[in-house]
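Novice: model this:
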Amino acid sequence: MNYTTANTIDEYMETLPKDVRTVLENLRNTIKSAAPKAEEVISYQMPAFKYYGILVYFAAFKNHCSFFPGGSAAFANELEAELKPYKTSKGTLQFTVDKPLPAALVKKIVKLRIKQNEERERARELKKASTKKTAKKKTK
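Specialist: Here you go, the predicted structure:
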């Protein structure tokens, strides 16, 4: 499936078969409820949510759907038992229309990703503030 022409998640969803669209709309709504401050975007021709950088992606493919929580190895061990029923690879969870991801699992992952992105943003701000202080000292 090729959805490269979609400019919004709604446009992307309109291109999907009804059963796939229903599953991905449920996933979308679960993500929204877990990350109400996140912005919906299309990135790499896939629906994504952005909050201090990309939070998660999701997409439909010929024989499965995928949820991309990014380089989420940091919490893979924490959720190992819950992830077992799904085909996984680094940063990807594959699922099917007849066996969608449970909302509780998606919420846990999204909340962990929010925490990771907020921590990364705080670290950037601290580094930026530290760099400014160092630059001021050098100019005195």
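
Novice: Look at the most centrally placed residue in the chain and give its secondary structure.
Specialist: Centroid check for the chain by CA atoms, centre = their mean gives residue 56 as the closest residue, at 0.7 Å. Counting by DSSP: H, G, I helix; E, B strand; the rest coil, the backbone at residue 56 sits in strand.

Novice: Please list all residues in contact with it.
Specialist: Residue 56 makes contacts with 31, 48-49, 67-70, 109-110, 113, as judged by CB atoms under 8 Å, 6 or more residues apart in numbering. For the C-beta atoms, the positions are set from N, CA and C on the backbone; glycine is no exception.

Novice: per-residue confidence at it?
Specialist: Residue 56 is assigned a pLDDT of 95 by the prediction.

Novice: thinking again about what came up before, which members of the contacts of residue 56 are the farthest-apart pair?
Specialist: 48 and 109 (14.1 Å; CB to CB).

Novice: Give me the more crowded residue out of these two.
Specialist: Set residue 48 next to residue 109 and count neighbours by other CB atoms under 10 Å: residue 109 wins out with 27 against 21.

Novice: Excluding sequence neighbours, find me the nearest residue to that one.
Specialist: Computed as CB to CB, 6 or more residues apart in numbering, the closest residue to residue 109 that is not its neighbour in sequence is residue 69, at 4.9 Å.

Novice: Next, the one you found: phi, psi?
Specialist: Per-residue torsions, residue 69: phi -90, psi 20 (degrees, to the nearest 10).

Novice: pLDDT at it, what is it?
Specialist: Model confidence at residue 69, expressed as pLDDT, equals 91.

Novice: in this protein, which helix or strand is least confident?
Specialist: The least trusted helix or strand in the chain, going by mean pLDDT, DSSP states H and E, turns out to be helix 73-76, with a mean of 60.

Novice: next helix or strand past it?
Specialist: helix 80-83 (DSSP states H and E).
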